[in-house]
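Participant: I need the structure of the sequence given here:
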Amino acid sequence: MEIERRFLVDGREAKPWRAAPLAYRMEQHYGVGDHLQLVDGVFACSGVVVARMSAEEAVVYAQTTDWVTRLRARNDEWFLTFKSRVSSVAARELEWSLDGEAAQALLGHGPFPSVEKTRYVWVGDDDTVWEIDEFEGGLAGLVLAEVELERADQDVAFPDWLGQEITGLSSWSNHALAETLASTR
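Facilitator: Okay, the predicted model is just below:
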């Protein structure tokens, strides 16, 4: 279960998150699940094994509906993610690491709605870990921040550079942003 809160950020001012020791170049492609076949707990695409579910993952997968699928490149690593919203702050998430061959087998069925961004991992004054995304391409200039929580009611020290909270607003999800970009191309 993933619990997070999300915020807009005014990226025109100082950017303290850029001093963070961790930063990743990311691409996220949505809708790749339409090209997966599932047989006996194994996801495959064009004859290439993409991911194998554990018994526990298979139970979660079978009991959950409305999955959104994402293929993410983080620097040179690839991940397949299935995500389903449970509430405005929580989502079920299944994720597998992929090799390059599996990722290319999926991408070969594209193009898919996608976003590009740089993600900075910044630690707040209260030791909460924030992920700040600076979008590129058609979304250049957009900056979003999110913090993952252990509980929905967890207290958090909010950095002064945060703007409006957008938690639970589906139109601000990466998936929705990718779909919006795809519709303008």
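
Participant: give me the number of residues near E131?
Facilitator: If you count neighbours by other CB atoms under 10 Å, E131 ends up with 19. Heads up, the C-betas are built off the backbone N, CA and C, glycines and all.

Participant: T65 too?
Facilitator: Counted with other CB under 10 Å, residues neighbouring T65 total 6.

Participant: nearest residue to it other than its sequence neighbours?
Facilitator: Take T65 and drop its neighbours on the chain: the residue closest to it by CB to CB, 6 or more residues apart in numbering is S84, 6.9 Å away.

Participant: per-residue pLDDT, the one you found?
Facilitator: Note on S84: pLDDT of 94.

Participant: Please enumerate the strands of this structure.
Facilitator: In the chain, the strands defined using DSSP state E lie at 2-9, 22-30, 37-39, 42-45, 48-52, 68-74, 77-85, 90-98, 114-123, 129-135, 143-149, 162-165.

Participant: Kindly state the beta-bridge partners for the residue nearest to L142 when sequence neighbours are not counted.
Facilitator: Leaving out its chain neighbours, the residue that sits closest to L142 by CB to CB, 6+ apart is F135, at 4.3 Å. Listed by DSSP bridges, the beta-bridge partners for F135 are K117.

Participant: quick one: pLDDT of F135?
Facilitator: 97.

Participant: Put together CSV for the strands of the chain, with distance to L107 on each row.
Facilitator: What follows is the strands of the chain, written out as CSV (distance: least, CB to CB, whole Å):
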stretch, distance to L107
strand 2-9, 25
strand 22-30, 7
strand 37-39, 16
strand 42-45, 10
strand 48-52, 11
strand 68-74, 7
strand 77-85, 9
strand 90-98, 11
strand 114-123, 10
strand 129-135, 20
strand 143-149, 24
strand 162-165, 34
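
Participant: Any idea how many residues pack against the residue nearest to L142?
Facilitator: Other residues close to F135 by other CB under 10 Å number 20.

Participant: ok, now L80?
Facilitator: Under the neighbour criterion other CB under 10 Å, L80 is assigned a count of 23.

Participant: list the contacts for it?
Facilitator: For L80, the contacting residues are 32, 43, 50-51, 69-72, 95-96, 98, 102, 106, by CB atoms under 8 Å, 6 or more residues apart in numbering.

Participant: Just send those residues back as TSV, with neighbour count too.
Facilitator: Listed next are these as TSV, based on neighbours: other CB atoms under 10 Å:
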residue	neighbour count
V32	22
F43	24
V50	25
A51	21
T69	21
R70	24
L71	25
R72	21
E95	15
W96	17
L98	23
A102	22
L106	24
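
Participant: which one of the residues you listed is nearest I166?
Facilitator: When the contacts of L80 are ranked by distance to I166 (CB to CB), R70 comes first, at 18.6 Å.

Participant: Please report how far P113 lies from H35.
Facilitator: Per CB to CB, to the nearest Å, P113 is found 14 Å from H35.
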